[in-house]
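J.: curious how this folds, go ahead:
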Amino acid sequence: MELHTTLCSGLRPPPVTGKARFSARLRSSKRLLPATMLAAALLGLVSAAACSKDSASQPTTAQAAAAALPAQASPSTRELSEEDARRILPRADLSGLSGEQRAQFLEVAGDVFDYAGCKDTLAKCLAADVKDVHALRMADVVKALVLQGFPPGRVIELVEQYYASFDASRRQKLRSDDCPQLGDKNAPVALVEFSDYQCPHCAAARKPLHDVVLGPEKGKARLCPKYFPLPGHPRARIAAGCAEYARHKGKFWEMHEALFAHQEELEDDSLKRYAQQIGLDGAQMLKEVYADRFDAVIALHTREGEGAHVQATPTIFVNGRPHLLPVQTFFLQRSIEDELEWQQNKAFVYEGRETKEKKG
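T.: Numbering: from 1, shown residues only. This next block holds a predicted model:
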């Protein structure tokens, strides 16, 4: 399985060639991938998608949970002791890793290049005499992916794709002012999420997305959900219309929660009941939804997503940059923090924000 996080998909695109392409880019330092190639890389991440445009079928909750697990690395007898790890990577915090996982971390660190001022592999940037603080942050991401169970080659792809996405040429122009806002509406980082109310993976993404904008990154990031109903989910568009009706009544988030909490029960009677439970007129809601009053907004969001190469849900953009890491609180928080640093410096700093040496 190739996914870093499981998605509901509209297409099954060709796999990305990943490691060779991005390693070559890093070693040439200045050559940038065109936006179309990054889009292809993003599409490659959803090649094992759980839901398809060609079928109305949807996995059960148990199936979705099983599909969300990353591929496990093939069994290996290679291990790296704690003592050897401290000697080779003295600045890396490898606590919690097994001997095999430490060996996998070293394999990744010896291949990927640091994105700040160290200008060498991550392994060499973790040497005792190097002060590159960004190398420590990058090491945390690699460690977290290894702990998820991804094999080294996949970790290398994800890390390289993630850092490549920060350049302006890779970003999509998306509005973040025409949608409900969760978090500080003036927060500098906008998380634009394209989702489908019948997609179980969107439901799973709801909690970490909400937690990060209301918790550790409160005041720094805000969530902007947009409608992207997939053709294979017949009730998703109706549910989106109900959410938009509730938005007009000041009850969007209450309806949003109800729809995801009961996404296998989205028939008219159920939708009316959810509306009544949050103090809305369910009959009037359905009357307006079936009169197509909210179709224009849903179509606008869908066209915007298609223009940004969205093929699966949930797809998340961080200030227009595709979020290519797992949709979990740690990875979202790290992505937001990296985005703030990038926006301030247009690069990742070497020894802290006060230094002038940086790489971008």
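J.: next secondary structure after the lowest-mean-pLDDT helix or strand in the chain?
T.: Within the chain, no helix or strand scores below helix 61-67, which has a mean of 34 by mean pLDDT, DSSP states H and E. Elements were assigned by DSSP states H and E; along the chain past helix 61-67, the next helix or strand is helix 82-88.
J.: what's the mean pLDDT across that following helix?
T.: The average of the pLDDT scores along helix 82-88 is 95.
J.: when you give positions from now on, start the count at 394
T.: Got it, first residue is 394 now, which makes that one helix 475-481.
J.: which residues are in contact with the helix or strand following that helix?
T.: Downstream of helix 475-481, the first helix or strand assigned by DSSP H and E is helix 492-502. Outside of helix 492-502, the residues that reach it under the criterion C-beta atoms under 8 Å, 6 or more residues apart in numbering are 466, 469, 471-475, 478, 481-482, 485, 487, 490, 514-516, 519, 532, 535-536, 539-540, 544-545, 548-549, 552. C-betas here are computed from N, CA, C, even on glycine.
J.: would you confirm that Cys511 contacts Ala520?
T.: No - distance between Cys511 and Ala520: 9.1 Å, which falls outside the contact criterion (C-beta atoms under 8 Å).
J.: so for the two, which sits in the more crowded spot?
T.: Each of Cys511 and Ala520 has its neighbours counted (other C-beta atoms under 10 Å); Cys511 has more, 23 against 16.
J.: which ones are touching the spatially closest residue to the more buried one that is not a sequence neighbour?
T.: Counting by C-beta to C-beta, 6 or more residues apart in numbering, the nearest residue to Cys511 once its immediate chain neighbours are dropped is Cys518, at 3.7 Å. Taking C-beta under 8 Å, 6+ apart as the criterion, Cys518 is in contact with 507, 509, 511, 525, 528.
J.: nearest to Pro618 among those residues?
T.: If you rank the contacts of Cys518 by distance to Pro618 using C-beta to C-beta, Ala509 comes first, at 33.1 Å.
J.: quick one: low-confidence residue ranges for this structure.
T.: Screening the chain residue by residue with the criterion pLDDT under 70, one finds the ranges 394-399, 403-470, 742-753.
J.: now the strands for it?
T.: Remark: strands of the chain, listed N- to C-terminal, are 401-402, 582-588, 614-620, 705-706, 708-711, 714-715, 741-742, 751-752; assignment by DSSP state E.
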